[in-house]
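K.L.:
Let me see the structure of the following:
(2 chains)
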Amino acid sequence: AQSVSQHNHHVILSEAASLELGCNYSYGGTVNLFWYVQYPGQHLQLLLKYFSGDPLVKGIKGFEAEFIKSKFSFNLRKPSVQWSDTAEYFCAVIPANFGNEKLTFGTGTRLTIIP
Amino acid sequence: GAVVSQHPSWVICKSGTSVKIECRSLDFQATTMFWYRQFPKQSLMLMATSNEGSKATYEQGVEKDKFLINHASLTLSTLTVTSAHPEDSSFYICSASATSGFTDTQYFGPGTRLTVL
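P.N.:
Residues are numbered from 1 along each chain as shown, chains lettered A, B, ... in the order given. The predicted structure follows:
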C-alpha cells in the first residue's frame, strides 16, 4: 500500500517569503498526485494535480509543484506567500493504474503567514 | 464547477440515536462518492467508497452496520451513523468523483461536525 509523508507539520513564514512544502510518497508504480488546501473554517479544495506529462504543475493562486520521480517527491512551492495563504495543506497520492485503490493523504502541513 | 455540498454542517445528538448526513454533487453527476473521517489535527481517513446503485466498500476497521452508506442517485449519497456514541464524534467529509475511476480528481464537501453527547 502507498503512504505519504509531509515532513513539515507547522511552517511559519512572513509575507513575501518563498514557500516550499515537502511531500514524499512510497509506491513502486505510477501514481497520480494531488495537493489540497483547507483554509480556516472551509472545506478541502484542490490546489493542483499531476497525472502525467510536464512534471512541473501549476495550480491556482500562484502555487506550483514539481514531481521528481527519482525522489518520490511532489513538493509544493510558491515564490511569494500572502497572509491569505494561511491554511492547512495536504498532499495525496493514488496509484494510477489500478482500480479500487484509495486516495491516501499525508498528515498535513499547517502554514501560518505573519503579516 | 464541481461543487459538493453536505447537510447538515453540524449536528449534536444524544448517545444511542441515529444521525443521517447527506452529500450532494451540485453541478455534476458523481459516479463515485467517498466518505472520510477527520480527527483533530490529523489527516483524512477514508471510511468507505460508494458507487451509484451498488453497495459501499468499507475500509478495514470501519463497521458497516454502524456507518450505513446509501448512494441512491448520481447526485446524492447519505451516511447514517446508527446508535451513535461519544467516540463517534468527529468531522465527517464526503467527496465525489465524476467517474468510476478511483484515480480521478475528488471534490470535497464542506464537512459535517458530529457531536454525540
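
K.L.:
pull the CA atoms of whatever helix or strand residue A:111 lives in into PDB?
P.N.:
Taking DSSP states H and E as the definition, one finds residue A:111 inside strand A:109-114. Extracted C-alpha coordinates of strand A:109-114, given in PDB (Å, rounded to 0.1, in the frame of the first residue of the first chain):
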ATOM      1  CA  THR A 109       1.200  20.900   7.000                       C
ATOM      2  CA  ARG A 110      -0.200  23.900   8.800                       C
ATOM      3  CA  LEU A 111       1.100  27.100   7.200                       C
ATOM      4  CA  THR A 112       0.900  30.300   9.100                       C
ATOM      5  CA  ILE A 113       1.800  33.600   7.400                       C
ATOM      6  CA  ILE A 114       2.700  36.500   9.500                       C
END
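
K.L.:
In the sheet, which strands lie alongside it, parallel or antiparallel?
P.N.:
strand A:10-14 (parallel), strand A:87-95 (antiparallel) (DSSP bridges).

K.L.:
Those strands into a markdown table, with extra columns for distance to residue B:58?
P.N.:
(Each C-beta comes from the backbone N, C-alpha and C, glycine too.) Converted to a markdown table, those look like this (distance: least, Cβ to Cβ, whole Å):
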| stretch | distance to residue B:58 |
| --- | --- |
| strand A:10-14 | 33 |
| strand A:87-95 | 18 |
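
K.L.:
ok, the closest residue to residue B:8 other than its chain neighbours - contacts?
P.N.:
Computed as Cβ to Cβ, 6 or more residues apart in numbering or on different chains, the closest residue to residue B:8 that is not its neighbour in sequence is residue B:112, at 6.1 Å. Going by Cβ atoms under 8 Å, 6 or more residues apart in numbering or on different chains, residue B:112 touches B:6-11, B:21, B:91-93.
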